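> Any chance you can model this:
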Amino acid sequence: MNRRGVGSIGKAVVTAFDVIALSMALSWNAANAQDADISDSGTVDRPASRWYDDGHAYVTERLQRAAIWFDSFFGDPRTEIHKDASANLTVVFDGFYSGVEDESENGVRFRGGADLPRFDERLRLTLTSDADAAVTGRELAGTARDEIKNTDRAVGLNYLFRDRPNSRFSLGGGLAGGLSPEILLAARHVYTQPWTANTVSHVTSTLYWKSEDGAGVSTLLDYEWMSDPDTLWRYNLFGNYRDETRGIEWSSQAQWARRLNDKTAISVRGGVRGETEPNDLLIEGWLKFGYRRNVWRSWLFYELEPGLSWHEREEYEVEPTVALRLEIQFRQQ
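Modelled structure (predicted):
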């Protein structure tokens, strides 16, 4: 590896550990504030539930419990939507090799958040190493896992206005970049519809604005099927329209995940992505096989994911890919 690559990794590692220290402090303060002063903001008013609301909530919760295990175990950004922790931080040391030119990269990714109970139990501080993927909702589509270079860090606040079993609506804002930060604003709605005792769909709609690139709107459609308590099938379709390019970035991915035991899981995912502007183009297709294991401590994971890529840069010739990840998860319930 050249000096530039080593320097980039060093900077990323320092950044990650700075974020770890900051977020651990926030987690500790948030937890103590919640224990000592819950009554300051009072409880959140929710409308009285009816029997059909309770039935809908039961099916939704039953499905989500299983899906949440997979999302939490695999460090998926969807855990932020489920919000199963008052404070959390995920740090990933990621090494990615691809036979496609200029696609290999090494670095550190991070993502996290912390409730601010002294202000309001619906207000949350957020941190991310990839501002664009977070604000557009692309990270929820599962196609940004190997994007390490050319990303901007961001910090922001997110307020949850509506929280019901089938509907969540939030507004957020933040700053991305360095000394001259970019302003980010986003409104996001998540609608959940259970179809049977084992299937559910989610529609996530995001309207966002970036001070440097302008406005945009994205939609993510998810369909999940639990064929048994240890197996999750998921299909998603994502589209993102940017005012800057007047075009749509899109992706489609199918995933199968299997829990072998409480510490080990395997997965297979395949998909395609493309864009409509400046040219209508299929950028890449992929097929990847993942092995993930929890080792030594409940918060430490490693993952090996070999795969195949068909990229337009290589005229869709098959090329190998390999990802090796070491992940640390910090959580405060």
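> Pull up the per-residue confidence for Trp225.
As predicted, Trp225 sits at a pLDDT of 95.
> can you pull the contacts of it?
198-199, 232-234 (C-beta atoms under 8 Å, 6 or more residues apart in numbering). To be clear about C-beta, it is placed using only N, CA and C from the backbone, and glycine gets the same treatment.
> Roughly how far does it sit from Thr199?
Distance of Trp225 to Thr199, computed by C-beta to C-beta, to the nearest Å: 5 Å.
> Strands along this structure, start to end?
87-98, 105-116, 120-128, 154-164, 167-176, 182-194, 199-210, 214-228, 231-242, 247-261, 264-275, 281-294, 300-311, 318-332 (DSSP state E).
> Out of the ones you listed, indicate the one that is most buried.
Of these, the one with the most neighbours on average (mean count of other C-beta atoms under 10 Å) is strand 105-116, at a mean of 23.
> That strand to strand 120-128, inter-axis angle?
170 degrees (axes from the mean of the first three to the mean of the last three C-alpha atoms, to 10 degrees).
> returning to that earlier point: what is the nearest of the contacts of Trp225 to Leu260?
Leu232 (13.1 Å; C-beta to C-beta).
> Kindly state the beta-bridge partners for the closest one.
Counting by DSSP bridges, Leu232 forms beta bridges with Met226, Ala257.
> tell me the contacts of the residue nearest the centre of the chain?
Among the residues of the chain, the one closest to the centroid is Pro77, at 2.2 Å (C-alpha atoms, centre = their mean). Applying C-beta under 8 Å, 6+ apart, we find Pro77 in contact with 111, 134, 139-140.
> Mind checking which of these are in helices?
Using DSSP state H, the members of the contacts of Pro77 that fall in helices are Ala134.
> By neighbours, which of the contacts of Pro77 wins?
Neighbour counts for the contacts of Pro77 (other C-beta atoms under 10 Å) peak at Ala134, which has 28 neighbours.
> Which strand residues bridge the nearest residue to that one once chain neighbours are set aside?
Nearest non-adjacent residue to Ala134, counting by C-beta to C-beta, 6 or more residues apart in numbering: Thr128, 4.4 Å away. Applying DSSP bridges to Thr128 gives these bridge partners: Arg111, Ala154.
> thinking Thr128 is in contact with Val91, fair?
No - look at Thr128 against Val91 with C-beta atoms under 8 Å: they stay out of range, at 11.7 Å.
> No further questions, thank you.
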